[in-house]
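Novice: Sequence plus the predicted model coming up.
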Amino acid sequence: MKQLFDLVATQPVGNSKFHGGGEYSKAVFEGAVKAGYPFDALIR
């Protein structure tokens, strides 16, 4: 089954270029790509 991965959480917030939630989301997304999971990604 294909999953939808929401990359909105990886976007900067306000004046902060990095935040913990964004870095975690990036790590999970990278792991899913390396593992070969079928998914679509959403980003705005």
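Specialist: Yes, it's here.

Novice: quick one: the residue of the chain positioned farthest from its centre from R44, how far?
Specialist: No residue in the chain sits farther from the centre than N15, which is 19.6 Å out by Cα atoms, centre = their mean. Note on N15: its distance to R44, by Cβ to Cβ, to the nearest Å, is 19 Å. Using the backbone N, CA and C atoms, a C-beta is placed for each residue, glycine as well.

Novice: since we're on T10, how many residues are nearby?
Specialist: 19 (other Cβ atoms under 10 Å).

Novice: How confident is the prediction for it, by pLDDT?
Specialist: Looking at T10, its pLDDT stands at 81.

Novice: isn't it right next to F29, touching?
Specialist: Yes: using Cβ atoms under 8 Å, T10 is in contact with F29, at 7.3 Å.

Novice: Which parts of this structure are strands?
Specialist: In the chain, the strands defined using DSSP state E lie at 3-6, 39-42.

Novice: Each with direction, which strands does the first one pair with?
Specialist: By that I understand strand 3-6. In the sheet, strand 3-6 lines up against strand 39-42 (parallel) (DSSP bridges).
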